[in-house]
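K.L.:
structure for this input, please:
(chains A and B)
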Amino acid sequence: MSLPAIAEKDFHDTVRSRGMLILVALFSLLVAVFAYVFAPPGEQFATEFLLSAAVGPFLVTTLVPLVGVVVGYNAVSGERESGSLKLLLSLPHSRADVVFGKVVGRGAALSLAVFSGFLLPALVLLALSQLGYIQAFNVGSYLGYTVFAAVLGVVFVAIATGCSAAASTQRRALIGGVAIYVLFVMLWGAVTGQFLNAAGDAGLLNPLPVSQQQIGVFLQVANPITGVELLSNAFLSGRLFSGEVVNHQVSAVSMLVFWTIAPPLVGLWKFDADDL
Amino acid sequence: MTAIELRGVTKEFADVTAVRGLDLTVEEGEVYGFLGPNGAGKSTTIDMVLDLVRPTEGTVRVLGRDATADGVSIRQRTGVLPDGFAVYDRLTGRQHVEFAVRSKEADDDPDDLLDRVGLLGDADRKAGGYSKGMRQRLALAMALAGDPDLLILDEPSSGLDPAGAKEMREIVRTEADRGATVFFSSHILEQVEAVCDRVGILRAGELVAEDSVEGLREAVGGEETLEIAIAGGANGASEAGGAGDAAVDAVRDLDGVSRVDRDGDALVVSCADGAKTRVIGALEDAGVAVADFHTREASLEDLFLAYTEGDAPGEEREGGSDDDAADAEEVDR
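P.N.:
Down below sits the predicted model:
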């Protein structure tokens, strides 16, 4: 079992890249800007509102997937193109260890970046609330939300790493990464909507014991971004895994697990059969 | 048990057959030199041994196990210095070696390994700043982790200066004395000659010769190469300033002489052991003054060229290798 060794090495390698530092700075800066814009001194400050209305839609759902793709898309193909994969595979590692070790190592590195990026502004907000400049800053909500942001990042690292394992060149991996981002961030609703309508018109859905609308909702939360949004909003409003839409939340969680495991598996299937 | 065993191995890529019906056996404990010009299929063969590339046909067994099915357990006991590899630029030399030790579940002290390859002083520098030779040493240190039963070194001397290449040979010797099997590829022949128990020569994807260095030398005919410097000036020299055509023809017609080449003022004669005196005699009979002569044993380079050049299509090594031979002579003198 050499997956932990690869994960650890990749984590060290990734956190030492200059990009990571830029990332942490960028997160901190943006969170701070949003906090400033949405909470002028002296007025009411709601942590939940800041997160679900500002940080969520503008930062987490667009920037975190992008960062995940950037961190993941060259995970395997980059090493393949440079030749360090030869060094890696000269040691007793299976190709499965390589792909999943990368997902774990880079996922951890990205989580670290998200946590540090959110933590710096949090310290400032906490200090401000202690000094009475803003009303109660909810540390629990803030930290919990950070976990959701990190989860979303890890899911995109996994999807992009799977794509990277399947790609024989860095160029293809890059194209794949862009496609992943465009699909999930911009086109998901349109694509799944088209798909659903076409399937409905062709009568393919009739044998299924669910309505077209139910499938539509499922397809929506099948997008990891929507899934995380759904879950984090439920968390912020204190209704995580309770209330009438709990089945949506369960779907969202299962789809997040699916997206973390399936793309690396498919990538591995291709990678394992390739001549390197 | 055999360390490496290839049976009827063929590898076809989309546009080329890199290896064709290759049978190759490396016995446990031997040092095997795998030779061939660039593009002969050496790297593809090694990649198949390492399971980076899967054979189209045939079987590859390493340390008694199937290369594809048991790749991980094979590499647990194998040290590999790959060709055309890259290091992790942001990690230090020591981190690289630590990673190798950990991956092999070995208990080596990374500093000992770095010291063996002469990198201890640079252990805390990031490998991205290493020179080609230092990267080569680093990969060797990683390969040595865990006292492997089999060492596979693909072009180990590339990027090393002569001193580094010598250290590399010493390490190969030490590992072989410890009982490890060493399999390495090269196109630099002196190194093979110095350390190998046995060599195999690959050409266009096929093994064209396999023997000990002495055996190969005998197989090529035990010929000697005689280099004769002709005195310049009017006495016996043609207008071209060397031995005349008549003299060259006279030598060429002698029994036991297989080849005569003119090289400026010198003649290079390939001949059987006993023909030396007759060659000198024939030249003097033709009125050519011999200023100096000496013989040299057929070098591995000559053997190599004899096996790899021939009528192989697309080979254009003739000019370059002649120059190399001339350089080697100069060093000899």
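
K.L.:
residue of chain A closest to chain B, please.
P.N.:
Per Cβ to the nearest Cβ, A:S90 is where chain A lies closest to chain B, at 3.5 Å. (C-beta placed from N, C-alpha, C; glycine too.)

K.L.:
neighbours of that residue, how many?
P.N.:
24 (other Cβ atoms under 10 Å in any protein chain shown).

K.L.:
now it: closest residue in space that isn't a chain neighbour?
P.N.:
Nearest in space to A:S90, with sequence neighbours left out and distances taken as Cβ to Cβ, 6 or more residues apart in numbering or on different chains, is B:V80 at 3.5 Å.

K.L.:
just the mean pLDDT for the helix or strand harbouring that neighbour, thanks.
P.N.:
Taking DSSP states H and E as the definition, one finds B:V80 inside strand B:78-81. Taken as a whole, strand B:78-81 has a mean pLDDT of 94.

K.L.:
hey, what's the residue nearest to A:S90 bridged with?
P.N.:
Counting by DSSP bridges, B:V80 is bridged to B:I152.

K.L.:
low-confidence ranges in the stretch 201-333 of chain B?
P.N.:
Scanning the stretch 201-333 of chain B for pLDDT under 70 picks out B:219-223, B:232-243, B:273, B:297-303, B:310-333.

K.L.:
the stretch 151-300 of chain B: helices as residue ranges?
P.N.:
Taking DSSP state H, counting those that start in this stretch as the criterion, the stretch 151-300 of chain B carries its helices at B:162-178, B:189-195, B:213-219, B:245-252, B:276-285, B:300-308.

K.L.:
residue numbers of chain A in contact with chain B?
P.N.:
A:2, A:5-6, A:9, A:12-13, A:16-17, A:79, A:82-84, A:86-87, A:89-94, A:275-276 (Cβ under 8 Å from any Cβ of the partner chain).

K.L.:
among those, the buried ones, what's the ChimeraX command?
P.N.:
A single ChimeraX command is used to select the members of the residues of chain A next to chain B judged buried by 16 or more other Cβ atoms under 10 Å in any protein chain shown:
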select /A:2,5,6,9,12,13,16,79,82,83,84,86,87,89,90,91,92,93,94,276
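
K.L.:
about what we covered before: quick one: the helices of the stretch 151-300 of chain B as a markdown table, columns for mean neighbour count and distance to chain A too.
P.N.:
Shown next, in a markdown table, are those (neighbours: other Cβ atoms under 10 Å in any protein chain shown; distance: least, Cβ to the nearest Cβ, whole Å):
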| stretch | mean neighbour count | distance to chain A |
| --- | --- | --- |
| helix B:162-178 | 16 | 16 |
| helix B:189-195 | 19 | 21 |
| helix B:213-219 | 15 | 28 |
| helix B:245-252 | 17 | 50 |
| helix B:276-285 | 16 | 50 |
| helix B:300-308 | 20 | 25 |
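
K.L.:
ok so, going back, contacting residues for the residue nearest to A:S90?
P.N.:
A:S90, A:L91, B:L50, B:A143, B:L151, B:I152, B:L153, B:D154 (Cβ atoms under 8 Å, 6 or more residues apart in numbering or on different chains).

K.L.:
and these, which is closest to A:G68?
P.N.:
A:G68 lies nearest to A:L91 out of the contacts of B:V80, by Cβ to Cβ, at 27.2 Å.

K.L.:
what's near enough to touch the closest one?
P.N.:
A:L91 neighbours (Cβ under 8 Å, 6+ apart): A:S2, B:R75, B:V80, B:F99, B:A100, B:S103, B:K104, B:M142.

K.L.:
give me that answer again for 10 Å
P.N.:
Residues near A:L91 by Cβ atoms under 10 Å, 6 or more residues apart in numbering or on different chains: A:2, A:5-6, A:97, B:72, B:75-76, B:78-80, B:99-104, B:142-143, B:145-146.

K.L.:
C-terminal to the longest helix along chain A, what's the next element?
P.N.:
Ranked by residue count under DSSP state H, the longest helix found in chain A is helix A:95-131. Once helix A:95-131 ends, the next helix or strand along the chain (criterion: DSSP H and E) is helix A:139-166.

K.L.:
who are the packing partners of that following helix?
P.N.:
Helix A:139-166 sits against helix A:18-38, helix A:47-49, helix A:61-72, helix A:77-82, helix A:95-131, helix A:170-181, helix A:224-236, helix A:246-273, with contacts defined as 3 or more Cβ pairs under 10 Å, 6 or more residues apart in numbering or on different chains; DSSP states H and E.

K.L.:
same thing but at 8 Å, please
P.N.:
The helices and strands touching helix A:139-166, judged by 3 or more Cβ pairs under 8 Å, 6 or more residues apart in numbering or on different chains; DSSP states H and E, are helix A:47-49, helix A:61-72, helix A:77-82, helix A:95-131, helix A:170-181, helix A:224-236, helix A:246-273.

K.L.:
so which of the ones you listed comes closest to A:F218?
P.N.:
Each of the helices and strands packed on helix A:139-166 has some distance to A:F218 by Cβ to Cβ; the shortest is helix A:246-273, at 5.7 Å.

K.L.:
just give me how far the closest one sits from the chain centre.
P.N.:
12 Å (Cα atoms, centre = their mean, to the nearest Å).

K.L.:
tell me what angle it forms with helix A:170-181.
P.N.:
Computed by axes from the mean of the first three to the mean of the last three Cα atoms, to 10 degrees, the angle separating helix A:246-273 from helix A:170-181 equals 170 degrees.

K.L.:
thought A:E48 was touching A:A234?
P.N.:
No. Look at A:E48 against A:A234 with Cβ atoms under 8 Å: they stay out of range, at 11.6 Å.
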